[in-house]
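Participant: my questions are about this predicted structure, shown below with the sequence.
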Amino acid sequence: MAVVIGVTGLAFEARIAADLHTEAICGGDGSTLAASLASAVAEDCSGLISFGVAGGLSPDLPAGACIVASTIISETIQLSTDRNWSQALLRLIPDSIFGPIAGVTTVAMHTEAKRSLHMSMGALAVDNESHVAASVAAAHGLPMTAVRVIMDPAGRQLPAAALAAVRANGTIDLAALVRAIMKRPSELPMLLRTGLDALFGFAALLRCRQLLGPGLGLPSLQACEPEPSSSIVYSECSLDERNLRRPRYAISQACSDGRERSGVR
């Protein structure tokens, strides 16, 4: 039975995060993430962890750098992460960096926006889910932490085509990516550079997941052996399951009118 809620923004992050002890909730565009988390923690939940890639805010961090959050900061909150869980993550990921992560509602595309967030919040990285997870955890008295890997460093601008390829449910729309490139062919060099950064980020994320073990490093589960089964919840009900078929995973889809669980083999 899952006891940890893994909070992600993209479908591939959810597939990486989920295991027997972890229910991965993919926030997508974030419109229903808070409601999905509130529903999930009402059941059997021992803690929440924000997991996935992030934008770099500190100019010293390259693509692939791993951040364990000390604090989650947004315009409305500043919440410390669970000390025991975070310290366990730092031990499990030897080269990880301990520091604040910013949560925002829109993607920080431009270097100026990243610089402004770094200066105003002092955060090392930014994502769109950690502040939501932290708020829900605080409201329910649950431990929370975050592990985020830098995909686009502070000095990199994200091309508009990269954002156009992400559906509201967190899956990737390759046709939309091609259309965006055709509209803005000048972005192709930037997109290729972003793709290279993404390869470093994805490889580092997979490595972190392997190091964390069952339950994404929750200390009480570290004596357990990893299991092949997993549970993934999507906070959008417009999921195209053809993009999500992977062997040995059970995928559960959360719709606005309730949860519909299905096994995908």
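Facilitator: Sure, I can see it.
Participant: which sections of the protein are below the confidence cut-off?
Facilitator: Applying pLDDT under 70 to the chain flags the ranges 1-2, 223-265.
Participant: let me see the ranges of the helices in it.
Facilitator: With helices called from DSSP state H, the chain shows them at 11-17, 33-41, 83-92, 111-121, 130-139, 160-164, 174-183, 188-212.
Participant: could you count how many residues lie near A139?
Facilitator: Using other Cβ atoms under 10 Å, A139 has 12 neighbouring residues. The way it works is simple: take the backbone N, C-alpha and C, and place the C-beta from them, glycine included.
Participant: hmm, back to that, which among the helices of the chain is found nearest to G64?
Facilitator: G64 lies closest to helix 188-212 among these, at 3.9 Å (Cβ to Cβ).
Participant: contact partners of the closest one?
Facilitator: 12-13, 16-17, 51-53, 62-66, 89, 92-93, 96, 147, 149-153, 156-159, 161-162, 181, 216 (Cβ atoms under 8 Å, 6 or more residues apart in numbering).
Participant: filter those down to the buried ones, ChimeraX style.
Facilitator: Those of those that count as buried under 16 or more other Cβ atoms under 10 Å are selected in ChimeraX with:
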select :12,13,16,17,51,52,53,63,64,65,66,89,92,93,96,147,149,150,151,152,153,156,157,158,159,161,162,181,216
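Participant: one step back: let me have the helices of the chain in JSON lines, extended by distance to P100.
Facilitator: Converted to JSON lines, those look like this (distance: least, Cβ to Cβ, whole Å):
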{"stretch": "helix 11-17", "distance to P100": "20"}
{"stretch": "helix 33-41", "distance to P100": "21"}
{"stretch": "helix 83-92", "distance to P100": "12"}
{"stretch": "helix 111-121", "distance to P100": "7"}
{"stretch": "helix 130-139", "distance to P100": "10"}
{"stretch": "helix 160-164", "distance to P100": "24"}
{"stretch": "helix 174-183", "distance to P100": "32"}
{"stretch": "helix 188-212", "distance to P100": "18"}
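Participant: I25: which of those helices is closest?
Facilitator: The closest of the helices of the chain to I25 is helix 33-41. By Cβ to Cβ, the value is 5.4 Å.
Participant: list the buried residues for that closest one?
Facilitator: In helix 33-41, counting by 16+ other Cβ under 10 Å, buried: L33, A34, S36, L37, S39, A40, V41.
Participant: can you put those residues in CSV and add distance to V132?
Facilitator: What follows is these, written out as CSV (distance: Cβ to Cβ, whole Å):
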residue, distance to V132
L33, 5
A34, 5
S36, 10
L37, 7
S39, 13
A40, 12
V41, 12
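Participant: need the max-distance pair from those residues.
Facilitator: The span of those, defined through Cβ to Cβ, is set by L33 and V41 at 12.4 Å.
Participant: how close does D152 get to T105?
Facilitator: Separation of D152 from T105 (Cβ to Cβ, to the nearest Å) stands at 18 Å.
Participant: ok, A54 next?
Facilitator: Separation of A54 from T105 (Cβ to Cβ): 15 Å.
Participant: give me the distance between the two termini of stretch 16-30.
Facilitator: For stretch 16-30, the first-to-last residue distance is 19 Å (Cα to Cα, to the nearest Å).
Participant: now it, how far from the centre of its chain.
Facilitator: Relative to the mean C-alpha coordinate of its chain, stretch 16-30 is positioned 8 Å out (Cα atoms, centre = their mean, to the nearest Å).
Participant: check stretch 49-62 too.
Facilitator: Counting by Cα atoms, centre = their mean, stretch 49-62 is centred 10 Å from the centre of its parent chain.
Participant: show me which positions of it end up buried.
Facilitator: Going by neighbour count (16+ other Cβ under 10 Å), the buried part of stretch 49-62 is I49, S50, F51, G52, V53, A54, G55, G56, L57, S58, L61.
Participant: export the residues you listed as TSV, with columns for distance to K114.
Facilitator: Compiled in TSV, these are given as follows (distance: Cβ to Cβ, whole Å):
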residue	distance to K114
I49	24
S50	19
F51	21
G52	17
V53	14
A54	11
G55	6
G56	7
L57	5
S58	9
L61	11
